[in-house]
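Colleague: got a structure for you, letters missing:
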């Protein structure tokens, strides 16, 4: 039952590290589940929590935010903000009863094609375990 | 109502072998605002690009979506293409269905095709909301300011005037040259320091582009890259200098010991700089002991000051040149003679009989006064024994430390310093002479203790960086900068704090306070956009409506709901 | 017509010099002998002392350089003639036959998979193999294939042609010939960087004879997430994860018999690598055999202290005399003398040994120098005789930056690269 | 009251709640005799009023009756430069037991008490306790049921002392898809995020909500999270929101121990 559930997942990748890492994964032909749809942004710090909350409340099953490792940010300290904002967004989900595991923050460098593959694969599995986003059903 | 053309690339069979390109094309045709959807074997080939241009003209497209490979390498090519066909290049949207689809879902053609459709739908949704953009420009005052007239600053100034750029050199002392003015010969080439300085001073003197301000200090710095205003206090008189770029070359100074190793109490215990002066005066000491790492590489001042070992090696050799029968010892923890010339100097010193004794931080040398003169006791780790050395001169190699007022300079220019008070460059590896703040640069010992040739190289590097905006005559502002909508902005100041580049300020006009982005300083990271509660801050090319529409498109097409 | 400058060498120094010159408005022709720009820095996993990812910071610069309106890349090319004097040089560039039409090649790599030839991969320091048609590394710029003619069956024996068959773009052109391009240039910048000395001649260190002895650059590749082992630290003899690692510094450098000078970056990269291996094998312990721990740059001392305190790195001041394979052929026995006169010969076993070889001017440099009519210094680096102008060579208008002139780390190379741009401008604008 | 404000503290204006022919309403007076029938028992956010009237009184010192939460709201305003601290005179009012109970207030006593008796705080909010113990599903069902009642009247935002925007982004389509009523979960989740670094738990949103959604409970739960994760509590004029600042002690940070 769980296995044939194909989650719909949104990923925000920063242009400089994680999007490049995703490209490297592609160039290296690293296979991964096809549920993740990437939106390219310049920096993970530009990802408005509003996007995440909007997507999840509209039924998207999971959201990934990927940036440069701390210290590698193309904008020096942009991702510091990401690192501080996302945990609170997760709490907002938790307090309203949505599993915070549906939102994940991670760092993928331009050289980490394999890590990108792993992050995607693991997240898809985690979301599959969680099942469909309950808000898909809750229509009002 | 936008008129969008969608072009899906086979990339030979790189995409087509996995993704059903025709199906994606048919799907694209059903999307709102799409008037044409086509596919090419290679969109990036001359044929492919030609096809895109043709159909732009034929169907009067005003926006183009290409579904192919990664924007990181191919976006410029396609932007140029649509531009040739008369569409603003920012009305182009790239969808990556190779690296992000066909290559990573090779075994799942069906899902891959579905995903490709989703990504195309998202791209089209964004494209529909794209707005034409143009790179902005801001003027540049064709003048440079160099703060500090030591070796690095002199080099930078000399280089700038040699490049025909008006340059103001600001030195707070009454003389130029900084530390080098007190150094007779420099390591490792044993070139006369004075000659080097005179050569540079001459270069500056002969150039009509040089504007020298001695006994002057910077009191205020306003503005941003291209349009700074530097105020200096020249003998109690304030003078304003408009400038396009600023170079910080405020140098560093030798640390003076308190009472370490009998400094100030035992006769003959001096610092490296004292020795330089004595040797310059022609003094010929017979028994000299150098003690390295005095006040450095220890708790509180962990760093290695980089130049002291070479200075001691140099002066050891000079002492021996002056009186070949002299006995010279260097007590050290590691000899930091990196590279070629310095290492040769080290070898020469050992060949010439300089005694090297290695001590540990746990057992530092002791300097004491006895009947026979000043004696240095040290535990030599290599010989594994305690040794006494008599000396006429005990030279303490102390580190270069930051200028006392380096923090004030940092505040003036809004640039950071490290915990030791040296200036902190924009990136330790790839931007060694730049600050994160555009148009402000650093070189020489103000950044880190540096050898003569390093100071010169960095001085020239800073000069090159400062010359670039001045020679371009303009600063080009990327079309992805942030902009705030004064009507929506509540002036809460989140963005001001969030901006990594201090590019945003709260301004007031007609009684309305709002955030204003200085586009010349904005790097387009969008950090401020996420910080803005009211959607007043927008990043060009990544507006919240555009990204919101992408999310809606995914929801709509993946889950059949809005 | 903007003045032209030829930059030789597409490593970080050459790239930086090209970018700054191009930004100043000069027409830059960047000549790189391998199929891609990037140089040594592209091979590094991380960079000291911040340990940020080398490719992450380099690849944007590579792309910027290739995309710059004032930069023309001549990759897989070599300078083979330089005539005239400042400011009127005439430079002959040999664009070696890639045997791939780069306007058609899309870099998809279909050909690579099908190519039957397997030869040592120089980018991976010969740890893994590459094909006869190849992309040197995934982030290569330009992203175009190259046929290595010496090893291509079709070229050598006319018996293959597989890549031509599979290439849908029709980019394969086996009969392509070298192309000679001549252009006038006002100045020439040489940034030919370094090579690793071949220290297998120092038999006592066992490189080539002991399986589990590698060079530091090989270790960089092993540690790299995009490297031959996918970032898994394993030793060659039995594929085991090493738990006890040793580094030997100054192999062939600071050595009367080989290279007298200090390569100046080894102390730091050995420290960096000894920290990085912990990220791969949490319970690994590293020992660094050194002569002087030369950590003189910004944050370097702190870096070394961190290695010692937080990563259990053991620094031993000693120059091992001899390295033997451990019994059973896996691991190595390192014999060295402990500190002081009281010290005695000890032999210690390690799972894997990393040699930090002398870094020497890149192979072609002496020849190039002859061709440019400039002198070498006593260590065979390009000579910079004037302390006032550390980037000037013995010939006016021919300038150097980076490791080609003397051993230096990345920031110093980058600074000097920008400095060389300033020097070019001084010569061309002011006639200094 | 008037004496304290005008005579003792030298105020030029006084913002208070007073009763006029049966209706209680906020009023800004400039003369002692206008004080009328002051009502200290009505828990209304005078700071919200202050935001609107502030620009109308360009000169002089403004005294305002401040409970602890008003005080904190004022701090959030002053640190954003909306009001000039110099111009404000705080007349401290300690909340009654009833009010404290109504707000489940854990911090009821102003820094200086001029009126009212200091009373004990209510340490916990039962509903949040209960919700935290529920299964995520039950919790979701609870909130869905609550938010279904929302008719998007924006009373919560309009009466909020720390909602600074003139027109709220939630009134637009960008993040809140459904135009219809109820607005969908994103409405309240996004509002929660906007308030997470400035809500001072005055409870005005909950009191003014016609649908009686326990909004204060949601605020309190998230305030607890904010404190747990970033150790940050809104209402202090000296602190800035952690959401826009850098991580401490990381590389590239000024004076970090790495570089």
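Modeller: That came through, no problem. Here the structure is a predicted model, which is why all the values come from computation and not from measurement.
Colleague: from now on I want contacts and neighbour counts done on CA atoms only, so please keep to that.
Modeller: Will do.
Colleague: quick check: residues of chain C near chain D?
Modeller: By Cα under 8 Å from any Cα of the partner chain, the residues of chain C that approach chain D are C:50, C:298, C:299, C:302.
Colleague: for these, which one is nearest chain D?
Modeller: Distance to chain D across the residues of chain C next to chain D (Cα to the nearest Cα) is lowest for residue C:299, with 5.1 Å.
Colleague: tell me the pLDDT at residue C:64?
Modeller: At residue C:64, the pLDDT value in this model is 88.
Colleague: could you count how many residues lie near residue D:37?
Modeller: Residues lying near residue D:37 (other Cα atoms under 10 Å in any protein chain shown) number 12.
Colleague: quick one: contacts for it?
Modeller: Residues in contact with residue D:37 (Cα atoms under 8 Å, 6 or more residues apart in numbering or on different chains) are D:18, D:19, D:20.
Colleague: which residues touch stretch B:403-423?
Modeller: Contacts of stretch B:403-423 (Cα under 8 Å, 6+ apart): B:219-221, B:250-253, B:301, B:401-402, B:424-425, B:435-437, B:442, B:445-448, D:254-257, D:259.
Colleague: narrow those residues to those in strands?
Modeller: Among the contacts of stretch B:403-423, DSSP state E puts B:219, B:220, B:221, B:252, B:253, B:401, B:402, B:442 in strands.
Colleague: do you know how far the residue of the stretch 251-400 of chain C found nearest chain A is from residue C:243?
Modeller: Residue of the stretch 251-400 of chain C nearest chain A, by Cα to the nearest Cα: residue C:280 (13.2 Å). Residue C:280 sits 11 Å away from residue C:243, taking Cα to Cα, to the nearest Å as the criterion.
Colleague: and the stretch 451-562 of chain B, which residues reach chain C?
Modeller: Residues of the stretch 451-562 of chain B lying near chain C (Cα under 8 Å from any Cα): B:453-454, B:456-465, B:467-468, B:471-472.
Colleague: could you redo the last one with a cut-off of 6 Å?
Modeller: By Cα under 6 Å from any Cα of the partner chain, the residues of the stretch 451-562 of chain B that approach chain C are B:457, B:458, B:460, B:461, B:464, B:468.
Colleague: and which of the residues you listed is nearest chain D?
Modeller: The nearest member of those to chain D, counting by Cα to the nearest Cα, is residue B:458 at 19.4 Å.
Colleague: list the contacts for the closest one?
Modeller: B:443, C:415 (Cα atoms under 6 Å, 6 or more residues apart in numbering or on different chains).
Colleague: make it 8 Å
Modeller: Neighbours of residue B:458 in contact, by Cα under 8 Å, 6+ apart: B:152, B:433, B:443, B:444, C:415, C:416, C:419.
Colleague: would the fifth one count as being in a helix?
Modeller: Yes: membership of residue C:415 in a helix is supported by DSSP: H, G, I helix; E, B strand; the rest coil.
Colleague: which pLDDT value goes with residue D:258?
Modeller: Residue D:258 is given a pLDDT of 35.
Colleague: ok so, going back, let's see if you can find the most crowded of the residues of chain C next to chain D.
Modeller: Taking other Cα under 10 Å as the neighbour criterion, residue C:298 ranks highest of those with 22 neighbours.
Colleague: which outside residues touch stretch B:26-45?
Modeller: Residues contacting stretch B:26-45 (Cα under 8 Å, 6+ apart): B:1-12, B:21-22, B:25, B:48-49, B:55, B:59, B:61, B:68, B:74, B:77-78, B:117, B:120-121, B:124, B:128, C:103-104, C:169.
Colleague: in strands, which of these appear?
Modeller: B:4, B:5, B:6, B:7, B:8, B:9, B:68.
Colleague: separation between the third one and residue B:38?
Modeller: When distances are taken as Cα to Cα, residue B:6 and residue B:38 turn out to be 6 Å apart.
Colleague: who touches both of those two?
Modeller: residue B:25.
Colleague: these two: which is more packed in?
Modeller: Here residue B:6 and residue B:38 are compared on neighbour count by other Cα under 10 Å; more neighbours surround residue B:6, at 29 against 20.
Colleague: tell me which of the residues of the stretch 451-562 of chain B next to chain C fall in helices.
Modeller: Members of these lying in helices (criterion: DSSP state H): B:457, B:458, B:460, B:461, B:464, B:468.
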